[in-house]
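Novice: Quick one, structure for this:
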Amino acid sequence: MSENLQEQACWLLLTYESSLTTRVINEIVVTWCQQLGRTLQEFFAVDSQVWSDTCHLSAPIMEKLEQARAKLVGQAFLVEQLNHDHIHLLTLLDDNYPRLLKSSLKHDQAPPVLFYAGDLCILERQTIAIIGSRKAGEESLAFTRAVSSYLAEQGANVISGNARGVDRTAYEGATSTEGCTTVVLPHGVRKLSGVQWRALLAKIETGKVLLLSQFHPDAQWVVSRAMERNKVVTGLAQIVIVAESDVQGGTWAGATGALRQNRPLYVRDTASSSALPGNKALIELGGHPLPWPTEQLADVLSPLIQKSATLHQVKDDEPSRPDQLSLFVGSGE
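Specialist: Numbering: from 1, shown residues only. Got it, this is the predicted structure:
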């Protein structure tokens, strides 16, 4: 097994087998890997006294790490399986870990590990997320299909969360063109059905679809994971579009979370405000209305695309900040 795969196994060990919070995991990574310049292989090779001396870990945390250390062989086997299936791993310290995501999430939210299949260069495009209800009405789905197709045709990377309703329609709209899309899973990559995986793989192999998951490859779908996934969907985007939202639930949490991430939020607006109370409430909170239906989709979406392009250019022009992770430690968030 190569050194790189062994190191990846240690990342899985720390992230998924230690039962530690994301905040603690990221603080260990910053202290041990970034500040001390040491690998996680070395971390799991030393005794607990070194953990205490260097990372100032408490006894309960070190006990969890000791228990995790015994599972290294299983994680090494998993890494080999994933590598065989062309599923790759990104860590928080990798140069190609999405900068937008790292800058938008707090230290207790940024996933230490991302699994992916496809071309990461898709994330270098303008990226616009489309979110909405799993039970969206036909009008919302028609809006989603038209908007996602148009954005993909204009060269944007359309990002969605792989749920029924708006998410699935955004994917279908984007892939109906020659454009690109990113799918962020609310569960592990190995929990896709065979039919789902084959359908995605056909698109991945054309270089048009990027598949991402922050969860253990065998993690089941649960509500809490879907909510965590929403932060990644909006964190990866320059702009977020809401097709349909209630005044509570996953889409509402994702949309209000996008506002807290300082993402420009665009919300489908209809003549009848009572038809979509969640959309109306989001507009009142600062979302920009997108009138629908419209005969001139280009007129409605052109300003949005221009804003996305400007934000994309600003982010590209910012100097790289290799020390950014150090802000996670002791930030008090």
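
Novice: neighbours of residue 210, just the number please.
Specialist: Burial of residue 210, expressed as a neighbour count using other CB atoms under 10 Å, amounts to 23. The C-beta positions use only the backbone N, C-alpha and C, and glycine is treated the same way.

Novice: The one 5 residues further on too?
Specialist: The burial metric for residue 215, expressed as a neighbour count using other CB under 10 Å, is 24.

Novice: check contacts around it.
Specialist: By CB atoms under 8 Å, 6 or more residues apart in numbering, the contact list for residue 215 reads 185-188, 225.

Novice: what does residue 15 give?
Specialist: Residues in contact with residue 15 (CB under 8 Å, 6+ apart) are 25, 112-113.

Novice: How much space separates it from residue 198?
Specialist: Residue 15 sits 28 Å away from residue 198 when distances are taken as CB to CB, to the nearest Å.

Novice: same check, this time on residue 133
Specialist: Counting by CB to CB, the gap from residue 133 to residue 198 is 27 Å.

Novice: With residue 63 instead?
Specialist: Counting by CB to CB, the separation of residue 63 from residue 198 is 43 Å.

Novice: again, but for residue 60
Specialist: On the measure of CB to CB, residue 60 and residue 198 end up 44 Å apart.

Novice: residue ranges for the strands of the protein, please.
Specialist: With strands called from DSSP state E, the chain shows them at 88-91, 113-117, 127-131, 157-160, 180-184, 209-213, 239-242, 265-269, 288-291.

Novice: I'd like the ones you listed as TSV, with distance to residue 3 and mean pLDDT appended.
Specialist: Supplementary listing: these in TSV, determined by distance: least, CB to CB, whole Å; pLDDT from 0 to 100:
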stretch	distance to residue 3	mean pLDDT
strand 88-91	14	96
strand 113-117	18	98
strand 127-131	33	98
strand 157-160	33	97
strand 180-184	30	97
strand 209-213	25	98
strand 239-242	39	98
strand 265-269	44	96
strand 288-291	49	94
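
Novice: closest one to residue 68 among those?
Specialist: Set against residue 68 and scored by CB to CB, the strands of the chain come closest in strand 113-117, at 14.1 Å.

Novice: Next, the angle from the closest one to strand 180-184.
Specialist: Regarding strand 113-117 and strand 180-184, their directions subtend 140 degrees when assessed with axes from the mean of the first three to the mean of the last three CA atoms, to 10 degrees.

Novice: Quick one: list the elements packing against strand 113-117.
Specialist: With contacts defined as 3 or more CB pairs under 8 Å, 6 or more residues apart in numbering; DSSP states H and E, strand 113-117 has these neighbours: strand 88-91, helix 194-204, strand 209-213.

Novice: Quickly compare these and say which is most buried.
Specialist: Scoring the helices and strands packed on strand 113-117 by mean neighbour count under mean count of other CB atoms under 10 Å gives strand 209-213 as the most buried, with a mean of 24.

Novice: tell me what that one is packed against?
Specialist: For strand 209-213, the elements it packs on are strand 113-117, strand 180-184, helix 194-204, judged by 3+ CB pairs under 8 Å, 6+ apart.

Novice: So in that sheet, which strands flank that strand, and in what orientation?
Specialist: Strands flanking strand 209-213 in the sheet, each with its direction: strand 113-117 (antiparallel), strand 180-184 (parallel) (DSSP bridges).

Novice: what number of residues lie near residue 297?
Specialist: Using other CB under 10 Å as the criterion, the residues surrounding residue 297 number 16.

Novice: With residue 86 instead?
Specialist: One way to gauge burial is a neighbour count; for residue 86, by other CB under 10 Å, it gives 11.

Novice: before we move on, what about residue 284?
Specialist: Based on other CB under 10 Å, the number of other residues close to residue 284 is 9.

Novice: who's sitting farthest from the centroid in the protein?
Specialist: residue 49 (35.3 Å; CA atoms, centre = their mean).

Novice: what about residue 212, distance to residue 191?
Specialist: From residue 212 over to residue 191 the distance is 14 Å, taken as CB to CB.

Novice: picking up where we left off before, adding distance to residue 306, write the helices and strands packed on strand 209-213 out as JSON lines.
Specialist: What follows is the helices and strands packed on strand 209-213, written out as JSON lines (distance: least, CB to CB, whole Å):
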{"stretch": "strand 113-117", "distance to residue 306": "29"}
{"stretch": "strand 180-184", "distance to residue 306": "19"}
{"stretch": "helix 194-204", "distance to residue 306": "28"}
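
Novice: and residue 311, which of the ones you listed is closest to it?
Specialist: strand 180-184 (16.7 Å).

Novice: picking that back up, would you mind finding the most buried of the strands paired with strand 209-213?
Specialist: Across the strands paired with strand 209-213, averaging neighbours per residue (mean count of other CB under 10 Å) puts strand 180-184 on top, at a mean of 27.
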